[in-house]
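Q: sequence unknown, structure follows:
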Ligand SMILES: OC[C@H]1O[C@@H](O[C@H]2[C@H](O)[C@@H](O)[C@H](O[C@H]3[C@H](O)[C@@H](O)[C@H](O)O[C@@H]3CO)O[C@@H]2CO)[C@H](O)[C@@H](O)[C@@H]1O
């Protein structure tokens, strides 16, 4: 386990009371400043080994390393040529962000957005480690995740669920933790989709026109964190960026990623996102995937690249591509006893080892701690041995045709535990909510009445026979190439529940019994119609929980664990409140700039239904004693371009608050640090920005002090004139609270 004592990430430390385990070893703060390679090899050493091997290669072998073998020409979704003389294997590249795609006997973890709603760095790391362990176990060299693009500016975005949150700080931390976990387990992580891929409709034609400051402060931010975590590879996206394809955009590949962020790994194309031979090579692409289009045509590299070198592509550029790919392989220690590839994508994923180990425990913990309790009138939850319960809705059961019946999960039948597209995996099992509730209810002798379709009459009739009704609804989305009605191209057409979920809840409400609504969803849905029903007493936001769906839900419903998830996005009252939508005309000018999600709601003074960071518990927490301390004389004006290490260094300021569990049961809380910057000249700022969080566990009556340490990055803005990060100066509002809209404890910090 690496050292956790260095870097002053804007991190929180529990300094009194009982400890919260972090990676099961320590309650000290995360330190992301100087992350050593767990394999003990520095990038310098990895590059030296790569250079030695490179010297032995012919031009033909070099192009074989940087060119995929072609779609479905190899057992993984991406494969490259083996070079036996340097003991280099055919590289296996495989999705994805929730588990090993197209493979049997693997785990399906909660989706990225669900991991974000835990707000727990420990669980994010453990999920990443387990993902990486399984990938390594089946000989995957490059695991295609995690996702920071889309960031999620458009709530309808089809692939938002693969990533974490529209807040760049939260996504950045989740990226770092996931990458550290995956790479410590030995697999090369892949930060994707770089960059500006915020919608599925027209994703291969749209240009994302993103201004310089918005690029740095929003969309690039989590990729910078990925590079800080030593990510081995980055996948460039389908869209154009300011008019030029992302996979041949010199500014974003050579400029931002490789030069400014000092990225040492390699850039691969998204599948068939390459458009040219020479331009892509000269602007910074290092590997093309899958090496052809989906029909075996469009082979831009391979022999075509070889015939352009030297000449239109310099030999040194081809060497740079190969060096980056080989160095990343050495950096992860994959040259030493790496398992043989047993992935079997096109033949049912059979024949490999069972790599699940005890990962169901991690899957369940993330699933459970990512559940957000939005409403709980009359303390209807936790359940108190009800005599009878009606379980209503098709989302309570597994798809009767089987959890994996639809290819790439391309349907919405049965309970929803992941979205659809390439970011999916085959369930080893799927714990259904109904089954888990039935099992748990036997202890209490509760009678269970079921209506497991979305029929309104059947649902109402079941509710009439029970003391309490639990109604399950969902909302699905996914990737553009899979057509699931009513989404024509992955993005959601509206933010309503599917299968007339509003009508189902309304019909059940007419039975007059108290109702608990459970929502499985890829992102925000509108809850206004449901909230208007007076007998809807509770809303449980169960997200996208993966294989442990039912078990984790029962943990919360029955109070074995008090809910402790928090929303990683805003739930609005109307769709229009978000102020953004997918572009239909092939151009998105990103006019909203840095004002997405809560930044937009705060600036426009729009009351959300449930704000970013919100989540109830079965207990309550008080916030007090916000104190400022530290060495205020740390020099913040460093002349000239700031290297990444400077941005991640401490400013010397520490901010603390005391959190007390003022209720009657134990529970975890997430103190969140928000900063409000003063206007600087013509530069305005969001009313508040997240700059820290920590999950802490408190027994009834217990208090803990949390401390956040500010990094330079956290109190800087991107100055378009100097083309550099500039320190914020003046009076900064500081708040530590349980959500973005709660008051918590606050003060002014003079910077
Ligand atoms: O999986 C690697 C990356 O692939 C991108 O998605 C592609 C996906 O993997 C692939 O299965 C799909 O293929 C379909 C193809 O688009 C379609 O034309 C053909 O008719 O059917 C194919 C499959 O049934 O294409 C996807 C791209 O369109 C992801 O963007 C990336 O995140 C993955 O890592």
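A: Right, received. Where do you want to start? Bear in mind that the values here come from a model prediction, so they are computed numbers and not experimental data. Numbers count the residues shown, from 1 in each chain.
Q: Can you list the low-confidence ranges for this structure?
A: 1-29, 631-635, 637-639 (pLDDT under 70).
Q: give me that answer again for 50
A: Applying pLDDT under 50 to the chain flags residues 1-28.
Q: quick one, domains of it?
A: 43-332, 359-567, 621-750 (the TED database).
Q: buried sites along stretch 48-63?
A: 49, 50, 53, 54, 57, 61, 62, 63 (16 or more other Cβ atoms under 10 Å). Yep, even glycine has a C-beta here, placed from its N, CA and C like the rest.
Q: and that stretch, how far from the chain's centre?
A: How far stretch 48-63 lies from its chain's middle: 35 Å, per Cα atoms, centre = their mean, to the nearest Å.
Q: Stretch 96-112 now?
A: 14 Å.
Q: can you check stretch 409-421 too?
A: 18 Å.
Q: can you start the count at 23 instead of 1 from here on
A: Taking 23 as the first residue, the last one we looked at is stretch 431-443.
Q: related to what we said a few turns ago, mind putting the domains of the chain into CSV with distance to residue 616?
A: Formatted as CSV, those follow (distance: least, Cβ to Cβ, whole Å):
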stretch, distance to residue 616
domain 65-354, 5
domain 381-589, 20
domain 643-772, 6
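Q: Please identify which of the ones you listed is closest to residue 618.
A: Among the domains of the chain, domain 65-354 comes nearest to residue 618, with 4.3 Å by Cβ to Cβ.
Q: Now do the closest one: distance from first to last residue.
A: 10 Å (Cα to Cα, to the nearest Å).
Q: where's residue 193 relative to residue 459, distance?
A: 33 Å (Cβ to Cβ, to the nearest Å).
Q: And these two? Which one has more around it.
A: residue 193 (30 against 23; other Cβ atoms under 10 Å).
Q: by contact count, what packs against the helix or strand hosting the more buried one?
A: Element membership for residue 193 (DSSP states H and E) is helix 190-207. Using 3 or more Cβ pairs under 8 Å, 6 or more residues apart in numbering; DSSP states H and E as the contact test, the elements touching helix 190-207 are helix 134-138, helix 143-159, strand 210-216, helix 243-250, strand 711-715.
Q: How much space separates the residue of the chain most remote from its centre from the ligand?
A: Distance from the centre of the chain peaks at residue 333, with 41.7 Å (Cα atoms, centre = their mean). Using Cβ to the nearest ligand atom, to the nearest Å, we find residue 333 at a distance of 31 Å from the ligand.
Q: can you pull the buried residues of stretch 629-636?
A: So stretch 629-636, judged by 16+ other Cβ under 10 Å, has buried residues 630, 631, 632, 633, 634, 635, 636.
Q: ah, wrong one, I meant stretch 470-486
A: For stretch 470-486, by 16+ other Cβ under 10 Å, it's 470-474, 476-478, 480-485.
Q: ditto for stretch 96-115
A: 96-105, 108, 110-115.
Q: Of all the residues in the stretch 123-272 of the chain, which one is nearest the ligand?
A: Residue nearest to the ligand within the stretch 123-272 of the chain (Cβ to the nearest ligand atom): residue 166, separated by 3.8 Å.
Q: Show me what secondary structure element comes after the longest strand belonging to the chain.
A: Of all segments of type strand in the chain, defined using DSSP state E, the longest is strand 672-683. Following strand 672-683 in sequence order, the next helix or strand is strand 689-691 (DSSP H and E).
Q: next structured bit after that next one?
A: In N-to-C order, the element after strand 689-691 by DSSP H and E is strand 694-698.
Q: Next, the angle strand 672-683 makes with that following strand.
A: If you take axes from the mean of the first three to the mean of the last three Cα atoms, to 10 degrees, strand 694-698 sits at 130 degrees to strand 672-683.
Q: Could you name the helices and strands sitting against strand 694-698?
A: Packed next to strand 694-698, using 3+ Cβ pairs under 8 Å, 6+ apart, are strand 711-715, strand 753-759.
Q: Tell me the one of the buried residues of stretch 629-636 nearest residue 519?
A: Of those, the one sitting nearest to residue 519 (Cβ to Cβ) turns out to be residue 631, at 14.2 Å.
Q: Make sure that closest one is actually in contact with residue 551.
A: No: contact between residue 631 and residue 551 fails when scored by Cβ atoms under 8 Å: they sit 11.6 Å apart.
Q: Regarding residue 66, which helix or strand does it belong to?
A: Counting by DSSP H and E, the element that carries residue 66 is helix 65-76.
Q: can you list contacts of that helix?
A: Outside of helix 65-76, the residues within contact range by Cβ atoms under 8 Å, 6 or more residues apart in numbering are 59, 84, 108, 110, 252, 286, 341, 344-346, 348-353, 357.
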